[in-house]
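# Next one to model:
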Amino acid sequence: MKAQQLRELDSSALHGKLGELRTELMNLRFQHATAQLENTQRMPVVKKSIARILTILKEKDTETADE
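Residues are numbered from 1 along each chain as shown. I've put the predicted structure just below:
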């Protein structure tokens, strides 16, 4: 997902999406370790998505702390 689409979600939806992506990354790591992973480019995409969500959650926490 793009950062703009993620910014439109509320924090509970972001936490849910973060959990899904972390589970997917764990599964990708297992597949990679057992040489079953066919699309190796999926791992960096998932990692970047996780980083985007964490950044947006941090921004939202900072905004609420300033108010």
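# where exactly do the helices run in the chain?
Applying DSSP state H to the chain gives helices spanning 3-7, 11-33, 42-66.
# could I get those as TSV with mean pLDDT?
Converted to TSV, the helices of the chain look like this (pLDDT from 0 to 100):
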stretch	mean pLDDT
helix 3-7	91
helix 11-33	96
helix 42-66	93
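# what residues are up against the residue most central in space within the chain?
The centroid of the chain falls nearest to Ile50 when counting by CA atoms, centre = their mean (2.3 Å). Going by CB atoms under 8 Å, 6 or more residues apart in numbering, Ile50 touches 18, 21-22, 25. Where C-beta positions appear, they are placed from N, C-alpha and C, glycine not excepted.
# now Lys60
Lys60 neighbours (CB under 8 Å, 6+ apart): 11, 14.
# Distance-wise, check it relative to Arg52.
The gap separating Lys60 from Arg52 is 13 Å, by CB to CB, to the nearest Å.
# Phi and psi next, for Gln36.
Main-chain torsions, Gln36, degrees, to the nearest 10: phi -110, psi 0.
# give me the number of residues near it?
8 (other CB atoms under 10 Å).
# One more: the one 4 residues further on?
Residues near Thr40, counting by other CB under 10 Å, number 10.
# For it, which non-adjacent residue is spatially closest?
His32 (7.1 Å; CB to CB, 6 or more residues apart in numbering).
# And for Lys17?
Ile53 (6.1 Å).
# what do you get for Glu24?
Leaving aside its sequence neighbours, Glu24 sits nearest to Val46 (CB to CB, 6+ apart; 5.6 Å).
# Thr62 and Gln5, how far apart?
Thr62 is 20 Å from Gln5, by CB to CB.
# Glu59 too?
With distances taken as CB to CB, Glu59 is found 15 Å from Gln5.
# For Gln31, which non-adjacent residue is spatially closest?
Leu37 (4.0 Å).
# The one you found contacts Glu24, doesn't it?
No. When contacts are counted by CB atoms under 8 Å, Leu37 is not listed as touching Glu24 (11.9 Å).
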